[in-house]
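Q: quick one, structure for this:
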Amino acid sequence: MNSRAIVINILRWFVLLFVQIFLLKNMGFYDLSTPFIYVLFLLLLPFGIPNLLLYLLAFGTGLTLDAFYDTMGVHATACVVLAFVRISFISISLNKDAIDDPEPSLSYMGFQWFSLYAFLCVITHHLVLFFLETFRLTEIGYTLMRCGLSCIFTLLIILLIEFIFYKRTSR
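A: Numbering: from 1, shown residues only. The predicted structure is shown next:
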C-alpha cells in the first residue's frame with residue numbers, strides 16, 4: 001500500500017465513523033432498521049492488506065463504535081466476523097495473484113461481484129450484531145426482521161455511496 005492509499009483509508013475511516021456516530025446513531029425506522037455504513041470501510045480495504053492487520057483494523061473499528069454505542073464488544077465481534085467472511089469470499093472468488101486492482105470497489109470489480117460481496121459481508125455482520133445484541137432466541141422473528149431490514153437499508157446506502165464515487169475503468 002502506498003502512502004496515498006493509506007491517507008485515503010484513514011480519511012475514509014474517520015468520515016464513515018463520524019457519519020455513523022453523529023448522524024446515523026439515532027436514525028432508524030421504528031427501531032426496526034438502522035443503517036451501519038461504517039462497514040464500508042472494511043469492505044473497501046485493499047486486496048493486499050495482511051490478514052492480521054485486517055483483523056486488527058476490524059477489531060479497532062468495532063471497538064470504537066462500541067465506545068459510542070455502549071454495546072460492550074458487540075460491534076467489535078461483528079466486525080471481526082465480517083473480516084473473516086471478507087477474507088474467505090475473496091480467497092474463494094478471486095485469484096489474488098492475478099488481481100491488478102487495488103481495492104474491492106464497485107468501480108474495479110463490477111456491480112455483480114461487488115453486490116454479492118457486500119451482501120454476504122453485510123448480512124453476516126448484521127446477523128452477528130443483532131443476535132449478540134438481543135442474546136436470546138425467544139425473539140428470533142423480531143431479530144431476523146431487524147437484521148433483514150437493516151441489511152437492505154445498509155446495502156442501499158453502500159451502493160449509493162459507491163455509485164456516487166464510481167470511476168469508469170477500462171477492462
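Q: how close does residue 119 sit to residue 162?
A: Distance of residue 119 to residue 162, given as Cβ to Cβ, to the nearest Å: 13 Å. To be clear about C-beta, it is placed using only N, CA and C from the backbone, and glycine gets the same treatment.
Q: can you tell me which helices and strands the helix or strand where residue 118 lies packs against?
A: For residue 118, the host element (DSSP states H and E) is helix 111-134. For helix 111-134, the elements it packs on are helix 39-43, helix 74-93, helix 140-164, judged by 3 or more Cβ pairs under 8 Å, 6 or more residues apart in numbering; DSSP states H and E.
Q: starting at the chain centroid, how far to the next helix or strand after the second one?
A: Toward the C-terminal end, the helix or strand that comes next after helix 74-93 (DSSP H and E) is helix 106-109. Computed by Cα atoms, centre = their mean, to the nearest Å, the chain-centroid distance of helix 106-109 equals 16 Å.
Q: one step back: tell me the angle the helix holding residue 118 makes with helix 74-93.
A: Using axes from the mean of the first three to the mean of the last three Cα atoms, to 10 degrees, the interaxial angle of helix 111-134 with respect to helix 74-93 works out to 150 degrees.
Q: how far off centre is helix 111-134?
A: Averaging C-alpha coordinates over helix 111-134 and over its chain gives two centres that are 8 Å apart (Cα atoms, centre = their mean).
Q: and for stretch 66-82?
A: Relative to the chain's own centre, stretch 66-82 is displaced by 12 Å; criterion: Cα atoms, centre = their mean.
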